[in-house]
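**Q** This is a predicted model, with the sequence first.
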Amino acid sequence: MQAASPARLYATAVGAVLTIVGIIGFFYSSDFGSPGNVDDMFGIFAVNGWDNVLHLATGLLGLAAAAYAARTYALALGLLYVVAALWGFIIGSGDAILGLFPVDTADNVLHLILGAVGLAAGAASPQTAGARPAPA
């Protein structure tokens, strides 16, 4: 089990928030179209069924990874969210990534922040003992 680290805090906090957001999102839109019926969660963030499943899956993965693979989770999710933010900024507000995941400016800004914080948390956390090379 990893000691407390920025990556573990990120995996726990972001994992919990994404899990809750994934569940709440289904109350706004549970349509699995392409992108189908998109609704604004809290009047700000565009969501649909695919978006909710992605949030739920990455949130639960973060909660599971917090104890054993927090650094890997923080770096991987950070990279995923930075790519999603840049992709979202390129295609523009009101469109959908891969025709499935709706994005708007608020989503893109939040994804960029979550991504940057994840990359920073992963970089600020030491590698686990098993990943270090054995002394000669």
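**A** On my side now, so go ahead. Numbering: from 1, shown residues only.

**Q** Poorly predicted segments of the chain, please.
**A** Scanning the chain for pLDDT under 70 picks out 1-3, 128-136.

**Q** Do a quick rundown of the helices in it.
**A** Ranges of helices in the chain, per DSSP state H, are 6-28, 49-65, 70-91, 105-124.

**Q** can these go into JSON lines with extra columns for mean neighbour count?
**A** Quick note: C-beta positions are derived from backbone N, CA and C, even for glycine. Output for the helices of the chain, formatted as JSON lines (neighbours: other CB atoms under 10 Å):
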{"stretch": "helix 6-28", "mean neighbour count": "19"}
{"stretch": "helix 49-65", "mean neighbour count": "20"}
{"stretch": "helix 70-91", "mean neighbour count": "20"}
{"stretch": "helix 105-124", "mean neighbour count": "18"}
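
**Q** how about those helices, which one is nearest residue 42?
**A** Closest approach to residue 42 among the helices of the chain is made by helix 6-28 (8.4 Å; CB to CB).

**Q** since we're on the closest residue to residue 102 other than its chain neighbours, how many residues are nearby?
**A** Of all residues beyond its chain neighbours, the one nearest residue 102 is residue 46 (3.9 Å), with distances taken as CB to CB, 6 or more residues apart in numbering. Neighbours of residue 46 under the rule other CB atoms under 10 Å: 24.

**Q** OK, contacts around residue 46?
**A** Residues near residue 46 by CB atoms under 8 Å, 6 or more residues apart in numbering: 38-40, 94, 102-104, 107.

**Q** repeat that for 10 Å
**A** 28-29, 35, 38-40, 88, 93-96, 101-107 (CB atoms under 10 Å, 6 or more residues apart in numbering).

**Q** hey, what's it bridged with?
**A** Residues in a beta bridge with residue 46, per DSSP bridges, are residue 40.

**Q** roughly how far apart are it and residue 121?
**A** Going from residue 46 to residue 121 by CB to CB, to the nearest Å gives 26 Å.

**Q** How about residue 72?
**A** Remark: distance between residue 72 and residue 121 (CB to CB) = 11 Å.
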